[in-house]
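In: Based on what follows, work out the 3D shape:
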Amino acid sequence: MENIKINKLGPIGNADVNFGSLTVLVGPHASGKGILLQLIKLLVDKEQIRQTIEQYGYVWGTDVHSILDRYFGEGMSRILGDDSTIEFDGKDCPLAELLPEVNDKLKPAAETLFYIPAQRVVCLQNGWPRFFTDYEDSVPYVLRHFSETLRHFLESSTGPSGDVIFPQNQRLRTPLRDSFNDSIFHDGKITLDQRVKKRFKLNVSGSSIPYMAWSAGQKEFMPLLLSFYWLCPSSLAGRKEHVKYVIIEEPEMGLHPQAIESVILQVIDLLSRDYKVIISTHSPVLLEFAWAFQYLKKSKAGDSLLAELFNLPLSESVNELFKGILRTKTIQTYYFDRVNDKVDIKDISTLDAGNADPSVAEWGGLSSFSSKASDIISRVMSQEA
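Out: Residues are numbered from 1 along each chain as shown. The predicted model follows:
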């Protein structure tokens, strides 16, 4: 997966996106980021998507617009029109080619791209993932499939009542577990309660707290934590079989900036496992990381400076986490710029604050408020002097 070019996809007028090891998408709400990401999933995994939909008793059919409604969600079929064009890795993809051939003799298709949707918190109904068929037919496929993936994972990986979900020594690298503990759970222990109905409990300071009473950030983070468990079979460098790409929509939802830093550390771990990662975000913290990464990479700085960036003391496990990242990985950043009711996607990867283009200088608008605040305060201070 190297490049995608699009003309006329929902609100998007034109797009020419080159994927890095990490690709970051920024832009205002309803500018087409989610539509583009879901299209990428469909292009990469269309055979597996069709097989999954049919597995749960739905009819795939042959009408492209009905299938787009079923995949993107009710009312979304017209985001692609007869004049839309898609080029993926140099190959033209006409609308009709989004429909995989129906061949019952084909072996089950493997999932290549794991999609973590923005609405992920709704998949944990009272603290346990919902079934694929629990959702309305109008709900986008990526959310239903994500929920079902987590449910299968938990059913196969948890045992008797009282299982500890977090922390687990065999899950995630030690610096990551410690970071999530310090920024999100604060020495709380997540266990699985199976006395009546499976659900998560947060055990902290002698209290056993049900999922719905957790803080907003803890609830938002839980599906992310389970996703990281699924993608990282052990704390050592390894990856999920067949999966090459990971999409994470708005990983910052509900999280304090310190917790967002912890999530970025986990993304670095995914990169070290040779996943290609695409993130959509409204958080300046991720852009600050991308800017620092680009500068350190250009300066040929040592990996140890990344540890300093995240306030991590140097250790064998920390060195292993960052080893070769600056030398071997790349970050691309794109801004979904709305002009006259259409969105053009701009490459702002330099994140150069001195660039004449405000889209680049203000990081797609994510730094514009702080820049204006600094200018105003500087002006007031100069007048007072």
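In: where in the protein is pLDDT low?
Out: Where the chain drops to pLDDT under 70, the residues are 100-106, 158-162, 385.
In: So which residues of the stretch 251-385 of the chain form strands?
Out: 276-281, 331-339, 342-347 (DSSP state E, counting those that start in this stretch).
In: quick one, strands of the stretch 101-250 of the chain?
Out: Using DSSP E, counting those that start in this stretch, strands in the stretch 101-250 of the chain cover 113-116, 164-166, 189-193, 199-204, 207-210, 245-249.
In: just how off-centre is the fourth one within its chain?
Out: I take that to be strand 199-204. Centroid separation for strand 199-204 versus its chain: 25 Å, with CA atoms, centre = their mean, to the nearest Å.
In: what lines up beside it in the sheet?
Out: strand 189-193 (antiparallel), strand 207-210 (antiparallel) (DSSP bridges).
In: ok so, going back, the strands of the stretch 251-385 of the chain: which one's closest to Val64?
Out: Val64 sits nearest to strand 342-347 of all those, at 23.0 Å, using CB to CB. (C-beta placed from N, C-alpha, C; glycine too.)
In: could you check the angle strand 331-339 makes with that closest one?
Out: Orientation of strand 342-347 against strand 331-339 (axes from the mean of the first three to the mean of the last three CA atoms, to 10 degrees) gives an angle of 160 degrees.
In: and strand 342-347, which residues are buried?
Out: Val343, Asp344, Ile345, Lys346 (16 or more other CB atoms under 10 Å).
In: residues contacting the last one?
Out: With contacts defined as CB atoms under 8 Å, 6 or more residues apart in numbering, Lys346 is in contact with Tyr334, Tyr335, Asp337, Asp357, Ser359, Val360.
In: and the two most separated of those?
Out: Tyr334 and Asp357 (13.3 Å).
In: Now do the shared contacts for those two.
Out: Common neighbours of Tyr334 and Asp357 (criterion: CB under 8 Å, 6+ apart): Lys346, Ile348.
In: Between those two, point out the one with more neighbours.
Out: Tyr334 (26 against 13; other CB atoms under 10 Å).
In: Next one: the more buried one relative to Thr112, how far apart?
Out: Applying CB to CB, to the nearest Å, the value for Tyr334 to Thr112 is 22 Å.
In: hey, which of the strands paired with strand 199-204 is tucked in deepest?
Out: Highest mean neighbour count of the strands paired with strand 199-204: strand 189-193, a mean of 19 (counted as mean count of other CB atoms under 10 Å).
In: Could I have the CA atoms of that one written out in PDB?
Out: What follows is strand 189-193, C-alpha atoms only, in PDB (Å, rounded to 0.1, in the frame of the first residue of the first chain):
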ATOM      1  CA  LYS A 189      -6.500  -3.400  38.000                       C
ATOM      2  CA  ILE A 190      -9.000  -4.400  35.300                       C
ATOM      3  CA  THR A 191     -10.500  -7.800  35.900                       C
ATOM      4  CA  LEU A 192     -13.100  -9.900  34.100                       C
ATOM      5  CA  ASP A 193     -16.300 -10.500  36.200                       C
END
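In: Identify all contacting residues around it.
Out: Contacts for strand 189-193 (CB under 8 Å, 6+ apart): 154, 158, 161-167, 198-204, 208, 222.
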